[in-house]
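Colleague: sequence below, structure please.
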Amino acid sequence: MNFENKNVLVVGTGISGIAATELLNKMNAKVILFDGNVNLDIDKVIDKIGGKERADIILGNLPKDVMETLDLVVLSPGVPTDIPLVNELRNLQLPIWGEVELAYQFSKGKIVGITGTNGKTTTTALVGEIMKIYYESVFVVGNIGIPYTQMVSDMNDNSITVAEMSSFQLETIYDFKPDVSAILNITPDHLNRHHTMECYINAKANIFKNQTSKDILVLNYEDNTLRELSKKAKAEILYFSSKRPLDRGIYLEGGNIIYSVDNEKIHICNIHELKILGTHNYENIMAGIAIGGSLNVPMDCIKKAITSFVAVEHRIEYVDEKNGVKYYNDSKGTNPDAAIKGIEAMVTPTLLIGGGYDKNSDYKEWIQSFHGKVKYLVLLGQTREKIAETAKNLGFHNIILVDTLEEAVDVCKEHAKPGDSVLLSPACASWGMFKNYEERGRVFKELVYKL
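Modeller: Residues are numbered from 1 along each chain as shown. Below you'll find the predicted structure:
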């Protein structure tokens, strides 16, 4: 699409909306920046976009006469696709893109798209490190925190873009097609947004919907949903497995990571050479190896990257030791499945801080994963009573309800003994108490440092 003098509505004034506005300005589009929050400070929005001449800003309600002038709508990922405004715009037969689709129209070079319920941030960061060892022009973008649209102007034909894709972002793609895509796993999450598991799975599957037989799709062989999804894919499938040898793919056997390709089994490394722990992280590593190999990165470069890679912030991140008690920040454990992996990584008696915003999750499997490892469950937020009731029904009664994260840390300090660990792994989103999981994790770390 030629964007010059086209009327483009950008919905949302967060980081994605601002980055989309900046890119559209470079393309000489006429931008209308809209946000339904009438209480926003319009001067701050103007400052974010670099001046009022950059966009017409509308807050609160979008007038019908404005809608009728539009050529394109660009939604920020946080905007649900089924709200009345979006349905009204859709009824006008307007193309409705996400920020990722907008960026893709101008992207150059090779693209790696990574999604999954859990592990995508770690894997995206890892793949970025693998690519940077071998390629000169590498961009790590998307749900990891840097808008795709913010970087496309700097890309060239030799660039490698590694993009973390959330289900929210994948809902609104049309032409977006990665050269290599990866789905790490699929477990229930964001059902308050997607409503059904089927819709959530379909959103994730969009990552490969435009791929052809010339492209690569990396999948977790141990995920039954992904094996079923693979039947719909046109791309060449490359599996990884933490439980069994594969004739073709990457697998874990006896603590060794093996790459099986062209009737050759290549020993990459032993897990004891890695700086990140847990089977879920070994799966992330194997996905990274598959992606790197698919883009012709030499195995010695891949080994160098994976053996030097450390955990990303907020994902089972060691914080400090106080009075013989170790504190870990797993604020990115925003759903039960991710939080289970946090528990599995602990090797000492653990005081667990959980709870937060309710995404209509089921917490039974999370509670069942405690296996005598969790000494106390300290709960806060909107879900605390719901989780407490589930725990009691399953026979776990060492539960303490608190009102704030600061109170949770203090309670853990009082009850922890030397040799114990304290783990913040909420199994819930942070909304309602914090802006995002990053803020929650940073606050937790500050509280620990002050102990």
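
Colleague: how does the protein divide into domains?
Modeller: 7-94, 101-308, 317-450 (automatic domain parsing).

Colleague: would you mark the buried spots in the host helix or strand of residue 414?
Modeller: Per DSSP states H and E: residue 414 is located in helix 405-415. Buried residues in helix 405-415, counted by 16 or more other Cβ atoms under 10 Å: 405, 408, 409, 411, 412, 413, 415. Any C-beta I mention is one placed from the backbone N, CA and C, and that applies to glycine too.

Colleague: what do you get for stretch 67-81?
Modeller: Within stretch 67-81, the residues that qualify as buried by neighbour count (16+ other Cβ under 10 Å) are 67, 70, 72, 73, 74, 75, 76, 77, 79, 81.

Colleague: just the pLDDT for residue 48.
Modeller: You'll see residue 48 listed with a pLDDT of 90.

Colleague: ok, residues contacting stretch 12-19?
Modeller: 10-11, 33-35, 37, 40, 45, 48-49, 74-79, 99, 147-150 (Cβ atoms under 8 Å, 6 or more residues apart in numbering).

Colleague: are any of those buried, and which?
Modeller: 10-11, 33-35, 45, 48-49, 74-77, 79, 99, 147-150.

Colleague: what about these, which are in strands?
Modeller: Of the buried ones among the contacts of stretch 12-19, the ones assigned to strands by DSSP state E are 10, 11, 33, 34, 35, 74, 75.

Colleague: redo those residues as CSV? Include pLDDT.
Modeller: Shown next, in CSV, are these (pLDDT from 0 to 100):
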residue, pLDDT
10, 96
11, 94
33, 96
34, 95
35, 93
74, 95
75, 92
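
Colleague: tabulate these in JSON lines, adding columns for distance to residue 161.
Modeller: JSON lines is the format used below for those (distance: Cβ to Cβ, whole Å):
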{"residue": "10", "distance to residue 161": "21"}
{"residue": "11", "distance to residue 161": "24"}
{"residue": "33", "distance to residue 161": "25"}
{"residue": "34", "distance to residue 161": "28"}
{"residue": "35", "distance to residue 161": "28"}
{"residue": "74", "distance to residue 161": "19"}
{"residue": "75", "distance to residue 161": "21"}
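
Colleague: so which of those residues would you say is closest to residue 116?
Modeller: residue 75 (22.0 Å; Cβ to Cβ).

Colleague: show me what contacts the residue lying closest to the closest one once chain neighbours are set aside?
Modeller: Closest residue to residue 75 apart from its sequence neighbours, by Cβ to Cβ, 6 or more residues apart in numbering: residue 11 at 5.0 Å. Shown in contact with residue 11 (Cβ under 8 Å, 6+ apart): 17, 34, 35, 73, 74, 75, 76, 79, 85, 86.

Colleague: now residue 11: how far from residue 156?
Modeller: 30 Å (Cβ to Cβ, to the nearest Å).

Colleague: and for residue 126?
Modeller: 24 Å.

Colleague: quick revisit: between the buried residues of helix 405-415, which is nearest residue 242?
Modeller: Distances from residue 242 to the buried residues of helix 405-415, taken by Cβ to Cβ, are shortest for residue 412, at 31.3 Å.

Colleague: check contacts around the closest one.
Modeller: Residue 412 neighbours (Cβ under 8 Å, 6+ apart): 325, 351, 353, 376, 378, 422.

Colleague: which one is residue 168 nearest to, not counting chain neighbours?
Modeller: Nearest one to residue 168, counting by Cβ to Cβ, 6+ apart, is residue 77 at 4.0 Å.

Colleague: does the one you found touch residue 170 like I think?
Modeller: No. Counting by Cβ atoms under 8 Å, residue 77 does not reach residue 170; the two are 9.4 Å apart.

Colleague: now the strands for the stretch 201-350 of the chain?
Modeller: Secondary structure of the stretch 201-350 of the chain (DSSP state E, counting those that start in this stretch): strands located at 216-220, 236-241, 249-253, 256-261, 264-270, 317-322, 325-329, 350-354.

Colleague: and the angle for the longest one with strand 249-253?
Modeller: What separates the directions of strand 264-270 and strand 249-253 is an angle of 50 degrees, with axes from the mean of the first three to the mean of the last three Cα atoms, to 10 degrees.

Colleague: so which bits of stretch 256-268 are buried?
Modeller: Within stretch 256-268, the residues that count as buried by 16+ other Cβ under 10 Å are 257, 258, 259, 260, 261, 268.

Colleague: can you put those in JSON lines and add pLDDT?
Modeller: Formatted as JSON lines, those follow (pLDDT from 0 to 100):
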{"residue": "257", "pLDDT": "97"}
{"residue": "258", "pLDDT": "97"}
{"residue": "259", "pLDDT": "96"}
{"residue": "260", "pLDDT": "93"}
{"residue": "261", "pLDDT": "87"}
{"residue": "268", "pLDDT": "95"}
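
Colleague: with adjacent residues omitted, what lies nearest to residue 289?
Modeller: Using Cβ to Cβ, 6+ apart, the closest residue to residue 289 is residue 250 (5.1 Å).

Colleague: give the burial count for the one you found, as a bare number.
Modeller: As a burial measure, residue 250 scores 27 neighbours (other Cβ atoms under 10 Å).

Colleague: doesn't residue 257 make contact with it?
Modeller: Yes. Between residue 250 and residue 257 there is a contact under Cβ under 8 Å: 6.6 Å.

Colleague: need the overlap of contacts for the two.
Modeller: With Cβ under 8 Å, 6+ apart, residue 250 and residue 257 have common neighbours 268, 286, 289.

Colleague: what's around the closest residue to residue 336 other than its chain neighbours, how many residues?
Modeller: Counting by Cβ to Cβ, 6+ apart, the nearest residue to residue 336 once its immediate chain neighbours are dropped is residue 366, at 4.0 Å. Neighbours of residue 366 under the rule other Cβ under 10 Å: 27.

Colleague: check which helix or strand residue 366 maps to.
Modeller: Judged by DSSP H and E, residue 366 forms part of helix 364-368.

Colleague: which parts of that helix are buried?
Modeller: So for helix 364-368, counting by 16+ other Cβ under 10 Å, buried means 366, 367.

Colleague: relative to helix 405-415, how tilted is the very next helix or strand once past it?
Modeller: Following helix 364-368 in sequence order, the next helix or strand is strand 374-379 (DSSP H and E). Here the directions of strand 374-379 and helix 405-415 differ by 160 degrees (the same axes, to 10 degrees).

Colleague: which strands or helices does strand 374-379 pack on?
Modeller: Applying 3 or more Cβ pairs under 8 Å, 6 or more residues apart in numbering; DSSP states H and E, one finds that strand 374-379 contacts strand 350-354, helix 384-393, strand 399-401, helix 405-415.
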